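Visitor: 3D, please:
(2 chains)
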Amino acid sequence: MDWKTILFKIIKNLKQYILLIVLVCIILFFQKVTNGTLLKPMNVSNLIFQNAYVVIMAVGMLLCILTGGNIDLSVGSVLALVGACAGTFAIVRGWDPHLSILLSLLIGIGIGIWQGFLIAYMRIPAFIATLAGMLIFRGFTLIVLKGLTLAPFPREYLAYSTGYIPDIFEGINLFGVRNTTSLLLGILLAVIYCIVQITSYNSRKRKGYSVESPYLLGIRLVVIAAGIIWLFSILANYRGVPMVFITLGIILIAYSYFTSSTVAGRHLYALGGNEKAARLSGVNTRRLLFFAYVNMAFLASVAGIVFSARLNSAAPGAGNGFELDAIAACFIGGASATGGIGTVGGTLIGALIMGILNNGMSIMGIGQDWQMVVKGFVLLAAVAFDVLSKQGIITEFISRIKRIYFSAKRKGALAD
Amino acid sequence: MAKILLEMRSITKEFPGVKALDNVNITVEEGEIHAIVGENGAGKSTLMNVLSGVYPYGSYSGDIYFDGQECRHQGIKDSERMGIVIIHQELALVPYLSIGENMFLGNEQQRRGIIDWNQTYKKAEEYLRMVGLDENVHTLIKDISVAKQQLVEIAKALAKNVRLLILDEPTSSLNEQDSQNVLDLILRLREERGITSIIISHKLHEIAYCADRITVLRDGRTIETLDNRSQEVSEERIIRGMVGREMTDRYPKRSNTIQDEIAFEVKNWTVYHELYTERKVVDNVSFKVRKGEVVGIYGLIGSGRSELAMSIFGRAYGTNISGMLIKDGKILELDSIPQAIYNGLSYVTEDRKESGILLGSNIIHNITLPRMDFVSRKGKIDKDLERKVAEKYREMLKIKAPSVEHYAGNLSGGNQQKLLLGKWIYSKPDVLLLDEPTRGVDVGAKFEIYEIIHDLATQGKAIIMISSELTEILGMCDRIYVMNEGKIIDEVPRSEATQEGIMNSIIQANKGGVEYGLENYTV
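Guide: This is a model prediction of the structure:
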């Protein structure tokens, strides 16, 4: 791979990189203005707990948006209803927490099947079907909870989300960290990542496919491995790796793989890119749309469990407005409002930008009122950038400024 | 010499990375019909967009003089005020508004923002009569045929007191008769009202018929201006200017590749309209194709030819489909598109942008879409293999792109069409249904596509080629079916086929059958 193709790749992925750069800038900015509070181990841990459920829902939302700009407005209500069901099972009925979680997830999937059927097979516009769903499931939440808040959940219920992975090496403080297991886990993951990358590099080389230069591979591996270990070492200095971090990681990796490397994932992009062409190329467009909404409800249910565990209660008002956070994360992360464009990685970054803005501004003591204003403008700016760059308005603008500048210069030269 | 109405001097327009127009000069005399021809990407549309103000003054270099005045259009409104009106290839009419409302859209008959409807419809009627269209002005646009919509567009231009009418591919979606009608109207408007026209078209015989002078563009440059006032410029002469070399043959030499074995047969195929389920769109059609044979289905828009092809292709269109499909001697039951693909059928769609390719995806993703199973195992895509496959097809079909990661939307029309063909060749079909395989493609790329089709026939594939270009059908097909109003009305071997004969059989069928309504068929 020569520098030209590398440059081409960078330009092609520029948008993704811009997002990453923006994220890093935001982190550095808040790190500075909060005097380092932002990246303190406890706060990083908090950030994960605060944003896990938004990221989980945003991933599901991404798949819906990919199918053609369809969104799901009901996810906040689904989250609340699933939490309410879990609360009823585990607290009121006193059933086994695992069983309660499983049943609640099944209820979530059932909701997905209902909405998917309406949207994919009855051809009801997604916006309307899910707007109705938002009302219906919020109503059911109130009915199930009789308007009351249920608390507290049994300890086992909380383990999957608010718990930390147990420290098996308690007492041994490797490199002076508090939780050695977490650090070792980070190192292990970094090593696994390197091994996987190197194996695939070798097998591609053996098969005679084009590969990147070994130096580039080396740099990439070092940077990413160092990043993983750094993050885990921060967590290791607090109470260790939160369980929800593991759940989140699995979801992100699985969906990232699904969208980029599987036939079904590819079909999803094709459907959003051009529905007619996809259908005439043998893509089962209805089944895909159905799947996207079933999956959305499933992930909303997972988020419901995580969220109820974090609050340690099932409240009737839970998840109000969360659908908008999830949608915003997708669009900030570069998803196209018409479908067919967007990545899991971008969505994660989008959610992190929102999450860090929230967290950073809260630490600074900025009120909810101004936080909303700022977040609104960030969303607008992200989408405006996307739209403008697509229409070539930015390049047009730059060339116009250039023209004015040069003609002014010419005139100036003449005047001299 | 007549008065010069329009002069465009050394127009240069650059887009990031490409010079779309390079020092183009053109003069149009008053009362003239001036044709602009060139291959796709030669810069015809860009030039017209510069003239009409779509690209504002300052975004290009060069000067435009209209009626002796220098033009510095900031937008379409400015050019329209001077009497320059452009009618784009994709008609700009609102389907759910009436003819009258459409005609004065943006040019409302109003006083202080209140529309005078009486005035609107009275004037609309006048202009309709002027273009010879006998329709109620209250009829909705969606209820009239494309041919009539084209006339409404011209009437709309007249309502703006047009002096220079620019028509971008005015006949691209019309049949021969309606095309003739439009061309005659342009000639008549010149005689009666002195309207000057610029016409852009790929149909060279039409240009030879109506243009006074012909300007040839190639690669963003003016090549030459031919004088056709005495009607002596031949199509071959125009083509030579367009492609820059002599094109002795417009069709590749077709050797006999027909094998005896019948590859695909359709028997008593009947299809009803998807929405108006009582309307038959395909009526008891039977035909067969041998291996290595190129069979043409000629029919005008609305004859049911695309509906026929789509309904065969895994019931992608229509309701209440009956009939029998036989492939290699076995009856085929196709209920879905994937089934059709897996059974060796492929359908190259008519409209590549709308239903053919994914403009926002790269070449790789486009090529492999119909048969992801060739490049995946247990649902996991082998991306390296995929890339290799795409490289192979890009090379084979000579798709001009810097790499296979290039987006389909950034390819030229001809290359998009080749990509569309490539995607379906990749799916390893035995029977190919090609629906207008060269629509909107320039002469050079057309020839390449014909060669690809010929190669496929040589490999023993059965090819069904649907086209509304008679010369293409005559030039490429071994046998021709003529389709009209959902029925196959004639079957002619190539040796006996003539343009007149085929047109005649359609006219005969129309006389014998339903008198009117041919063009009211819309999908």
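Visitor: and B:Asn362, how many neighbours does it have?
Guide: Residues within reach of B:Asn362, counting by other C-beta atoms under 10 Å in any protein chain shown, total 20. Yep, even glycine has a C-beta here, placed from its N, CA and C like the rest.
Visitor: chain A versus that one, what's the distance?
Guide: 9 Å (C-beta to the nearest C-beta, to the nearest Å).
Visitor: now that residue. Nearest residue, chain neighbours left out?
Guide: Nearest residue to B:Asn362 in three dimensions, chain neighbours excluded: B:Glu405, at 4.8 Å (C-beta to C-beta, 6 or more residues apart in numbering or on different chains).
Visitor: and what of A:Ala90?
Guide: Nearest residue to A:Ala90, sequence neighbours excluded (C-beta to C-beta, 6+ apart): A:Ser100, at 4.0 Å.
Visitor: what is the burial count for the one you found?
Guide: For A:Ser100, the count of nearby residues is 24 (other C-beta under 10 Å).
Visitor: same check on A:Leu280?
Guide: Other residues near A:Leu280 number 25, with proximity taken as other C-beta under 10 Å.
Visitor: now do B:Glu135
Guide: For B:Glu135, the neighbour count with other C-beta under 10 Å is 14.
Visitor: same deal with B:Leu432?
Guide: 26.
Visitor: just checking, B:Glu475 touches B:Pro252?
Guide: One correction, residue B:475 is Gly, not Glu. No: counting by C-beta atoms under 8 Å, B:Gly475 does not reach B:Pro252; the two are 9.0 Å apart.
Visitor: what is in contact with these two at once?
Guide: B:Tyr450 (C-beta atoms under 8 Å, 6 or more residues apart in numbering or on different chains).
Visitor: pull out the buried residues from stretch B:206-215.
Guide: By neighbour count on 16 or more other C-beta atoms under 10 Å in any protein chain shown, the buried set for stretch B:206-215 is B:Glu206, B:Ile207, B:Ala208, B:Cys210, B:Ala211, B:Asp212, B:Arg213, B:Ile214, B:Thr215.
Visitor: mind listing what the third one touches?
Guide: Residues near B:Ala208 by C-beta under 8 Å, 6+ apart: B:Asn228, B:Gln231, B:Val233, B:Ser234, B:Glu235, B:Ile238.
Visitor: which parts of the helix or strand bottoming out on mean pLDDT in chain B are buried?
Guide: In chain B, the helix or strand scored least confidently by mean pLDDT, DSSP states H and E is helix B:499-512, which has a mean of 74. For helix B:499-512, burial by neighbour count (16+ other C-beta under 10 Å) applies to B:Ile502, B:Ser505, B:Ile506, B:Ala509, B:Asn510.
Visitor: mind putting those into CSV with distance to A:Leu380?
Guide: CSV is the format used below for these (distance: C-beta to C-beta, whole Å):
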residue, distance to A:Leu380
B:Ile502, 59
B:Ser505, 62
B:Ile506, 57
B:Ala509, 60
B:Asn510, 58
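Visitor: residues in contact with A:Thr37?
Guide: Here A:Thr37 is in contact with A:Asn43, A:Ile363 (C-beta under 8 Å, 6+ apart).
Visitor: how is it assigned, secondary-structure-wise?
Guide: Three-state assignment for A:Thr37 (DSSP: H, G, I helix; E, B strand; the rest coil): coil.
Visitor: from A:Gly365, how far off is it?
Guide: A:Thr37 sits 11 Å away from A:Gly365, taking C-beta to C-beta, to the nearest Å as the criterion.
Visitor: swap in B:Asp442?
Guide: 65 Å.
Visitor: and the two? which has more neighbours close in?
Guide: B:Asp442 (20 against 7).
Visitor: wait, isn't that one in contact with B:Gly413?
Guide: Yes: B:Asp442 is within contact range of B:Gly413, at 7.5 Å (criterion: C-beta under 8 Å).
Visitor: show me what from the stretch 201-350 of chain A comes close to chain B.
Guide: Residues of the stretch 201-350 of chain A lying close to chain B (C-beta under 8 Å from any C-beta of the partner chain) are A:204, A:207, A:209, A:261-264, A:266-267, A:269-270, A:273-274, A:276-284, A:340-341.
Visitor: in ChimeraX, how would I select just the buried ones from those residues?
Guide: Entered in ChimeraX, the line below selects the buried ones among those, by 16+ other C-beta under 10 Å:
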select /A:262,263,266,267,269,270,273,274,277,278,279,280,281,282,283,284,340,341
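Visitor: quick revisit: ok, the contacts of B:Ala208 vs B:Glu469, which is closest?
Guide: Nearest to B:Glu469 among the contacts of B:Ala208, counting by C-beta to C-beta, is B:Glu235 at 13.1 Å.
Visitor: what about the closest one, how many residues nearby?
Guide: 15.
Visitor: and the nearest residue to it once chain neighbours are set aside, what are its phi and psi?
Guide: Computed as C-beta to C-beta, 6+ apart, the closest residue to B:Glu235 that is not its neighbour in sequence is B:Leu204, at 4.4 Å. Main-chain torsions, B:Leu204, degrees, to the nearest 10: phi -70, psi -30.
Visitor: next up, the contacts around B:Leu397.
Guide: Neighbouring residues of B:Leu397 by C-beta under 8 Å, 6+ apart: B:Lys418, B:Leu419, B:Leu421, B:Gly422, B:Ile425, B:Glu448, B:Ile452.
Visitor: gap between it and A:Ser45?
Guide: Taking C-beta to C-beta as the measure, B:Leu397 falls 56 Å from A:Ser45.
Visitor: next: A:Ile27.
Guide: Distance, A:Ile27 to A:Ser45, using C-beta to C-beta: 16 Å.
Visitor: any idea how far chain A is from the residue located most distally from the centre of chain B?
Guide: Outermost residue of chain B with respect to the C-alpha centroid, by C-alpha atoms, centre = their mean, is B:Arg112; its distance is 41.8 Å. Going from B:Arg112 to chain A by C-beta to the nearest C-beta gives 35 Å.
Visitor: what about the closest residue to A:Gly321 other than its chain neighbours, which SS state?
Guide: Spatial nearest neighbour of A:Gly321, excluding adjacent residues (C-beta to C-beta, 6+ apart): A:Gly76 at 6.2 Å. Following three-state DSSP, A:Gly76 is assigned to helix.
Visitor: correct me if wrong: A:Gly76 contacts A:Ile327.
Guide: No: using C-beta under 8 Å as the test, A:Gly76 is too far from A:Ile327 to be in contact (10.7 Å).
Visitor: in terms of neighbours, single out the busier of these two.
Guide: Ranked by neighbour count (other C-beta under 10 Å), A:Gly76 and A:Ile327 place A:Gly76 first, with 27 against 24.
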